[in-house]
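Below are the sequence and a predicted model; questions follow.
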Amino acid sequence: MKETVMVKHAVTGRELLNNNKHTFTYELSDLPAGGFRMTLMNVPEEIVQDILTLQNELNLFRFELPEDAPQIKHWYYVKEQGVQYQADQHQLIIEAASEIVYLPSEYLE
């Protein structure tokens with residue numbers, strides 16, 4: 001299954017990061033106290049700086065694109081102060097308090 005991961009500026013809708021346009025890897029994990037952590041590895045430095053500058057105004061999305069089923073969208077609500085960068089490991093960490101999952105196909109007429 002293919003996935004798209006995207007970070008956007010919530011206020012302007014500006015796309016900051018997209019794995020279809022930028023080369024990076026990522027891992028998604030559940031947090032023990034609830035919520036989610038996405039660790040993005042090897043994000044280009046200029047994009048990291050934009051994300052850190054706008055960290056309190058971010059939307060994080062993950063789109064699942066199964067071959068034989070409708071697309072599934074995940075919208076993660078980034079925690080306040082939920083963005084960290086570990087420069088020595090080239091890891092951008094984004095933590096989300098909650099998520100909305102929806103099927104765009106349910107909204108088509």
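The structure has been received and is ready for your questions.

Surely Q86 and L52 touch.
No: counting by CB atoms under 8 Å, Q86 does not reach L52; the two are 11.9 Å apart. Just so you know, the C-beta spots here come from the backbone N, C-alpha and C atoms, and that holds for glycine as well.

before we move on, what SS does N56 have?
helix (DSSP: H, G, I helix; E, B strand; the rest coil).

give me the number of residues near it?
Other residues near N56 come to 12 when the count uses other CB atoms under 10 Å.

Is it correct that it is in contact with K79?
No: if you go by CB under 8 Å, N56 and K79 don't touch, sitting 9.5 Å apart.

Find the nearest non-adjacent residue to P44, please.
Closest residue to P44 apart from its sequence neighbours, by CB to CB, 6 or more residues apart in numbering: H22 at 6.2 Å.

which is the next helix or strand following the strand ranked longest in the chain?
For the chain, the strand with the greatest residue count under DSSP state E is strand 72-86. Using DSSP states H and E, the helix or strand that follows strand 72-86 in sequence is strand 91-102.

Tell me the strands beside that following strand, with direction?
strand 36-41 (antiparallel), strand 72-86 (antiparallel) (DSSP bridges).

for these, which one sits closest to E106?
Between E106 and those, the shortest separation by CB to CB is 10.6 Å, and it involves strand 72-86.

quick one: secondary structure of I47?
helix.

Which one of the strands paired with strand 91-102 lies nearest to M1?
M1 lies closest to strand 72-86 among the strands paired with strand 91-102, at 9.6 Å (CB to CB).

quick one: buried residues of that closest one?
I72, H74, Y76, Y77, V78, K79, G82, V83, Y85 (16 or more other CB atoms under 10 Å).

quick one: least confident of the residues you listed?
When the buried residues of strand 72-86 are compared by pLDDT, K79 scores lowest at 87.

can you pull the contacts of that residue?
Residues in contact with K79 (CB atoms under 8 Å, 6 or more residues apart in numbering) are G35, E95, A96, A97.

L16 versus the first one, what's the distance?
Relative to L16, G35 is positioned 21 Å away (CB to CB, to the nearest Å).

OK, contacts around the residue sitting nearest the centre point of the chain?
When CA atoms, centre = their mean is applied to the chain, the residue found nearest the centroid is L60 (3.4 Å). By CB under 8 Å, 6+ apart, the contact list for L60 reads V5, M6, V7, M38, W75, Y76, V78, I94, A96.
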